[in-house]
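A.B. asks: Let me see the structure of the following:
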Amino acid sequence: MTQATPSRRLQITLQPSVLRWARERVNLSPEALAQKLNVKPDRVTQWEQSGKISIAQADRLAAKTYTPLGYLYLEDPPDDSLPIHDFRTRTGDPPTRPSPNLLDTIYQMQRRQAWMRDDLIENEEDPLPFVGAYSHRDDHTAVAAAMRHALGLNAGWAEEQGSWRQALSFLRNRVDRAGILVVFNGVVGNSNRRKLDPKEFLGFALVDEYAPLVFVNSSYFIAAQTFTLAHELAHLFVGETGLSAFDKLMPADNAIEQFCNRTAAEFLVPKEELRAYWPTVRNQKNPYQKIALRFKVSAIVAARRLLDLELIERDAFFAFYEINKTQGKGLATASSSGNFWNTQRWRIGPRFANAVARATAEGRLLYREAYSLTGLKRNTFEKMPQEMGIQL
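C.D. replies: Numbering: from 1, shown residues only. Got it, this is the predicted structure:
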């Protein structure tokens, strides 16, 4: 281990409450943090009681807790609440403290969106007419139809796809082509050590009339990612920025979240098509799986849709859910195919990558800013246009 220089071993006094906040924001006990820092647990306890810590130790503490170093020098712990609406919270439940991984992901996406918005306005592009064009008080079937129209999807589009992976690829390409920034990632940026926890969130939407953005946590299984993409797309159509998670495919008791769930379900599994198809499979073996294969959703989504349309009983759905709730989790996710550029294509997003590459080539964006926005290093960024098929 590299020895600290005398100046780095200098003792300073920081606020104990801030040092404790840094540990708690990553949900570590004093013992767990001590192990990461290779010190005794008593050392961590002393820091949090006296505030006395060396400069080198403060640097390491910041790095291990993913805390901006300057935050440790504040007089009071900073506000680390979510910068967007939390649609996960149910009535009566206290707000859940967001992890640094989630916060850093949202901040990065907000930076991308802000840059993209400015770039589109500078180039005199028109705003997208469908963003915020509807309300959660509208008919969800009409909004689902508007979503399919905006993406240019014909009836039965999912049945034409050979697999869940192909259906997801087809759908997100259509979303990107419609003018929406699309990001699929299961880690923070390109740091595979900082995995995004699907138990914390599955996706979020950032509304903007010029540069709307949807983020899907790709650490979850593929069929679930398709539903999340549709759900966040619905958020854009009703103009509601926010963070989402689903328990048993049941959203929090929030009118907007429930509307987006119904809209996503109708978008992926139109009720008229399902009502017509159900009698042909209801008495067959694995009827939910047959619906899932036809519409390229998970069998759980298929069962939930049948419940919503009162084609099966609640007891039947929950019994099926408990047995099959891990279905598909063994499938490789969209970001783990093994090809670096296949992964980067959706960690960055085709539309955003194209805009950044063009702005850099035209001298409108500094290279160091482009590296920061895309999360790529210099040599890798230079390969991006060729590898992602970007015409400059």
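A.B. asks: residue contacts, the spatially closest residue to L74 that is not a sequence neighbour?
C.D. replies: Using Cβ to Cβ, 6 or more residues apart in numbering and skipping residues adjacent in sequence, the residue nearest L74 is V18, 5.7 Å away. Any C-beta I mention is one placed from the backbone N, CA and C, and that applies to glycine too. Going by Cβ atoms under 8 Å, 6 or more residues apart in numbering, V18 touches 71-77.
A.B. asks: in the helix or strand hosting V18, what counts as buried?
C.D. replies: Per DSSP states H and E: V18 is located in helix 16-24. Using 16 or more other Cβ atoms under 10 Å as the test for burial, helix 16-24 gives 16, 18-24.
A.B. asks: Let me see the backbone angles for E122.
C.D. replies: The phi/psi pair for E122 (degrees, to the nearest 10) reads phi -60, psi -30.
A.B. asks: quick one: it from L28, how far?
C.D. replies: Look at E122 and L28: by Cβ to Cβ, to the nearest Å, they are 44 Å apart.
A.B. asks: for R282, same thing?
C.D. replies: Distance from R282 to L28, by Cβ to Cβ: 50 Å.
A.B. asks: Neighbour count: the two, which is higher?
C.D. replies: More crowded of R282 and L28, by other Cβ atoms under 10 Å: L28, with 17 against 14.
A.B. asks: ok, which stretches of this protein are strands?
C.D. replies: For the chain, the strands defined by DSSP state E cover 11-13, 52-54, 181-185, 187-188, 191-195, 203-206, 213-217, 242-244.
A.B. asks: Looking at those, which is nearest to P98?
C.D. replies: Among the strands of the chain, the nearest to P98 by Cβ to Cβ is strand 242-244 (8.4 Å).
A.B. asks: pLDDT on that closest one, on average?
C.D. replies: Averaged across strand 242-244, pLDDT comes to 94.
A.B. asks: And the contacts of that strand?
C.D. replies: 82, 84-88, 102, 106, 201-205, 228, 231-232, 235, 251, 256-257, 260.
A.B. asks: how many other residues sit next to N217?
C.D. replies: 29.
A.B. asks: Quick check: chain neighbours aside, which residue is closest to F320?
C.D. replies: Spatial nearest neighbour of F320, excluding adjacent residues (Cβ to Cβ, 6+ apart): A303 at 5.0 Å.
A.B. asks: follow-up on the earlier one: selection in PyMOL covering whichever of the contacts of V18 are buried, please.
C.D. replies: Filtering the contacts of V18 down to the buried ones (16+ other Cβ under 10 Å) takes a single PyMOL command:
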select buried, resi 71+72+77
